[in-house]
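**Q** Got a sequence here, can you model it:
(one chain, ligands or ions: 3)
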Amino acid sequence: MSTAGKVIKCKAAVLWEIKKPFSIEEVEVAPPKAYEVRIKMVATGICRSDDHVVNGNLSTPLPGVLGHEGAGIVESIGEGVTAVKPGDNVIPLFTPQCGKCAVCKHPEANNCVKLGLTNPPGTMQDGTTRFTCKGKPIHHFAHTSTFSEYTVVDEISVVKIDAAAPLEKVCLIGCGFSTGYGSAVKVAKVTPGSTCAVFGLGGVGLSVVIGCKAAGAARIIAVDINKDKFAKAKELGATECINPQDFQKPIHEVLKEMTGGGVDFSFEVIGRIDTVMEALSCCHESYGTSVIVGVPPGSQNLSVSPMQLLTGRTWKGAFFGGFKSKDSVPKLVADFMANKFPLNPLITHVLPFEKINEGFDLLRSGKSIRTVLTF
Ligand code: CND
Ligand code: ZN
Ligand code: ZN
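**A** Residues are numbered from 1 along each chain as shown. Ligands and ions are numbered 1, 2, ... in the order given. Model prediction:
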């Protein structure tokens, strides 16, 4: 029996308030309105940005359905939708691509004006929500809300991918892999023979390592306070691994000594103010480029001497690895299918969706890289 046009009752992980576990609830998911798409989720990864919402570092209206790294199948479409049709395999896009705004029309930029990450409304573009639980409207998150058996997204926030792609793996292309890989190949534009330093070896940081290697970096120095992450970093291309806690002096000084003055490219993939500064300072003062990938607490600011940049450094940052999402995600899926990069090493755990809190505990305890929840 077709569900198109009807309200679907299903399970979703609702975050009622910060610093609390997710509750698996029965929610009602309204049919998609014009230019909206309802998706049956098949798999979703757990990214640290979701945890930043839980711990209060990233603000979004609650109660809400989080999750931004998923893959699924289109269940039904609203009026006017042409980009996808029911039955298509798709990836929801937390960085939309409206195709019409100045950012989308710019050849390099990807931070579509519809992203609205600094003041997220927690709704669809028309200002309302499609989720209801116990009679209350439940907010959307990051245009995606993948922690639900069904979700509704705007047409600008979803793209069709190869029907043969394994959704329980390519869901990582929805955030962690693309964010890290693109930060190396697209944002920093890592050059062959260069030296790179990657701070933070989670799913995103290890994807930076994969990107640095693909771009031909000669040295990739991986930095983390959890040495259990080093073996995988080496497997994926890191040439050296260091733990800042093993040194008396600041780690940027250690890195400068190791590299004769500083690295060519550095990446902060943790989400901390102090490590953003360490990453900036460890790149060469005359020609180094430092890229901010991690999402630091919204309430904290940096104090930086302009001299850090006057000497010639470049300092950048980007969402989603600088990729224009609709253009890039299908290509990245095709590249994965052609074995141009691996995703398997990033997936350390697979759990049924109902065990979402266990998945977050694995992330918080440093035991997982990516947990994929399956529906
Ligand atoms: P995850 O928590 O898996 O990895 C972070 C790593 O940093 C862990 O291995 C930690 O051990 C390590 N770490 C923590 N503190 C320190 C420290 N002081 N010094 C050195 N290492 C440390 O996170 P993830 O890989 O899922 O995400 C990483 C960041 O990227 C996080 O801030 C997340 O919010 C952000 C992000 C950004 C974007 C984007 O579009 N720019 C998209 N998704 C996630
Ligand atoms: Zn993410
Ligand atoms: Zn746009």
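**Q** Just want the residue of the stretch 51-200 of the chain that's nearest ligand 1.
**A** G200 (3.3 Å; CB to the nearest ligand atom). (C-beta placed from N, C-alpha, C; glycine too.)
**Q** okay, now H349: neighbour count?
**A** 17 (other CB atoms under 10 Å).
**Q** Now it: closest residue in space that isn't a chain neighbour?
**A** Closest residue to H349 apart from its sequence neighbours, by CB to CB, 6 or more residues apart in numbering: T371 at 4.1 Å.
**Q** what sits against that neighbour?
**A** 45-46, 347-351, 359, 362-363 (CB atoms under 8 Å, 6 or more residues apart in numbering).
**Q** Kindly export the helix or strand encompassing it (C-alpha atoms) in CSV.
**A** Under the criterion of DSSP states H and E, T371 resides in strand 370-374. This file holds the C-alpha atoms of strand 370-374, laid out as CSV (Å, rounded to 0.1, in the frame of the first residue of the first chain):
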residue,chain,number,x,y,z
ARG,A,370,32.3,6.0,12.7
THR,A,371,29.3,4.1,14.0
VAL,A,372,26.7,3.5,11.2
LEU,A,373,23.2,3.1,12.4
THR,A,374,21.0,0.9,10.2
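**Q** Let me know whether I369 touches L346 as I believe.
**A** Yes - using CB atoms under 8 Å, I369 is in contact with L346, at 5.2 Å.
**Q** Now list whatever residues contact both of those two.
**A** Taking CB under 8 Å, 6+ apart as the contact rule, I369 and L346 both touch 203, 206.
**Q** quick revisit: any residue of the strand holding T371 up close to ligand 2?
**A** No - Strand 370-374 lies apart from ligand 2 when judged by CB under 5 Å from the ion; the minimum separation is 10.2 Å.
**Q** Just the mean pLDDT for that strand, thanks.
**A** In this model, strand 370-374 has a mean pLDDT of 98.
**Q** do stretch 243-252 as well
**A** pLDDT averaged over stretch 243-252 gives 98.
**Q** List the buried residues in that stretch.
**A** Of all the residues in stretch 243-252, those buried under the rule 16 or more other CB atoms under 10 Å are 244, 251-252.
**Q** circling back: which two among the contacts of T371 are spaced furthest apart?
**A** The distance between the two most remote of the contacts of T371 (CB to CB) is 14.0 Å, for V350 and L363.
**Q** These two: who's more crowded?
**A** In this view V350 and L363 are compared by other CB under 10 Å, and L363 has more residues nearby, 20 against 15.
**Q** on that earlier part again, do any residues in the strand holding T371 lie close to ligand 1?
**A** No - against ligand 1, strand 370-374 shows no contacts by CB under 6 Å from any ligand atom, the least distance being 7.6 Å.
**Q** partners of that strand, with directions?
**A** Sheet pairing for strand 370-374, assigned by DSSP bridges, gives strand 36-45 (antiparallel), strand 347-352 (parallel).
**Q** Dump these to CSV, plus distance to ligand 1 and mean pLDDT.
**A** Shown next, in CSV, are the strands paired with strand 370-374 (distance: least, CB to the nearest ligand atom, whole Å; pLDDT from 0 to 100):
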stretch, distance to ligand 1, mean pLDDT
strand 36-45, 9, 98
strand 347-352, 10, 98
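**Q** Now A102: closest residue in space, sequence neighbours ignored.
**A** Nearest to A102 is V113, by CB to CB, 6+ apart, at 7.2 Å.
**Q** quick revisit: now the strand holding T371: buried residues?
**A** 370-373.
**Q** how distant is that strand from the center of its chain?
**A** 14 Å (CA atoms, centre = their mean, to the nearest Å).
**Q** And for stretch 119-136?
**A** Distance of stretch 119-136 from the chain centroid (CA atoms, centre = their mean) equals 22 Å.
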